[in-house]
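> Fold the following.
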Amino acid sequence: MKKVGIVGGIGPEATVDYYQSIISKFQEKIGSKEELPELFINSINMYKMFNMLTNGKMREVIHYLTDAVQKLESVGADFVVICGNTPHIVFEQIQQKVHIPMISIVEETYLKAQDLKLEKIGLIGTKFTMENDFFRRPFSSNNIEMVVPNQSEQEYIHRKIVEELENGIVNNETKKGFLSIINQMINRDGIQGIVLGCTELPMLIKKEDLNIHSLNTAEIHINKIIDIIFMDKTL
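I've put the predicted structure just below:
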């Protein structure tokens, strides 16, 4: 079975979810509570990365994350995932600098939207995820329109993610605010689904909260990780 390397700490809550979910899904698939997957976690400093992004230091971000991936490769991981959406802003540049295969949360989310036959979808996440086009590219390239909240809504979402969700704080008033924005996007933009483009968002927003498709990027990513762990062939 393949060993997974996880670049974690982006944020800590998502890292815990990845770890626990991978174990749970692995044991369910193998049919035993006495078996565990072999994995490695390299937990980096999310705030250091955010500061680099805020100041436009993309080269430093690429170097920081490439180093994190290379450390996982050096200890024996067979493939690597980054358990956050925001770092995928430089995913392609990192993959070009390392030899180990990496599994993109963006690509897997796009494939899920394609399976659901969605034509117009919303995206919420950190300001870096909403402002940049790295998440939208595979969707727009394949005729799936992706829209984001307006500027004031983006600022509210980003602030609440950083100040609350990244610190494990689940606030009911914040949940109401996020759901209000999503419902505005349904009415204003006609979206058929919403991408929860921050791996902490499922702490706040559940599938049953919405009448449209909710794409939990962490869950989608983790399901792919489990599939690859059990693959016999080389990636």
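
> Domain boundaries for this protein, per the record?
For the chain, automatic domain parsing gives the domain ranges 4-104+219-229, 106-216.

> can you put the ones you listed in a markdown table and add distance to L235 and mean pLDDT?
Yep, even glycine has a C-beta here, placed from its N, CA and C like the rest. Formatted as a markdown table, those follow (distance: least, CB to CB, whole Å; pLDDT from 0 to 100):
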| stretch | distance to L235 | mean pLDDT |
| --- | --- | --- |
| domain 4-104+219-229 | 4 | 96 |
| domain 106-216 | 13 | 96 |
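
> Output these as JSON lines; include the columns mean neighbour count.
Supplementary listing: the domains of the chain in JSON lines, determined by neighbours: other CB atoms under 10 Å:
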{"stretch": "domain 4-104+219-229", "mean neighbour count": "18"}
{"stretch": "domain 106-216", "mean neighbour count": "18"}
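
> Thought E107 was touching H88, still the case?
No. Applying CB atoms under 8 Å, one finds H88 not in contact with E107, separated by 9.1 Å.

> Assign the residue located most distally from the centre of the chain to helix, strand or coil.
Farthest-out residue of the chain from its mean C-alpha position, per CA atoms, centre = their mean: E34, at 28.9 Å. The three-state label given to E34 by DSSP: H, G, I helix; E, B strand; the rest coil is coil.

> Dump the host helix or strand of I22 to PDB, keeping only the CA atoms.
For I22, the element it lies in under DSSP states H and E is helix 12-30. Provided in PDB are the C-alpha atoms of helix 12-30 (Å, rounded to 0.1, in the frame of the first residue of the first chain):
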ATOM      1  CA  PRO A  12      -4.400  22.800  12.000                       C
ATOM      2  CA  GLU A  13      -8.100  22.000  12.200                       C
ATOM      3  CA  ALA A  14      -8.000  20.700   8.600                       C
ATOM      4  CA  THR A  15      -4.900  18.700   9.300                       C
ATOM      5  CA  VAL A  16      -6.600  16.900  12.200                       C
ATOM      6  CA  ASP A  17      -9.600  16.200  10.000                       C
ATOM      7  CA  TYR A  18      -7.500  14.800   7.200                       C
ATOM      8  CA  TYR A  19      -5.600  12.500   9.700                       C
ATOM      9  CA  GLN A  20      -8.700  11.200  11.400                       C
ATOM     10  CA  SER A  21     -10.700  10.800   8.200                       C
ATOM     11  CA  ILE A  22      -7.900   9.000   6.300                       C
ATOM     12  CA  ILE A  23      -7.700   6.500   9.200                       C
ATOM     13  CA  SER A  24     -11.400   6.000   9.400                       C
ATOM     14  CA  LYS A  25     -12.000   5.600   5.700                       C
ATOM     15  CA  PHE A  26      -8.900   3.300   5.400                       C
ATOM     16  CA  GLN A  27     -10.200   1.000   8.200                       C
ATOM     17  CA  GLU A  28     -13.700   1.000   6.700                       C
ATOM     18  CA  LYS A  29     -12.300   0.000   3.300                       C
ATOM     19  CA  ILE A  30     -10.000  -2.700   4.600                       C
END
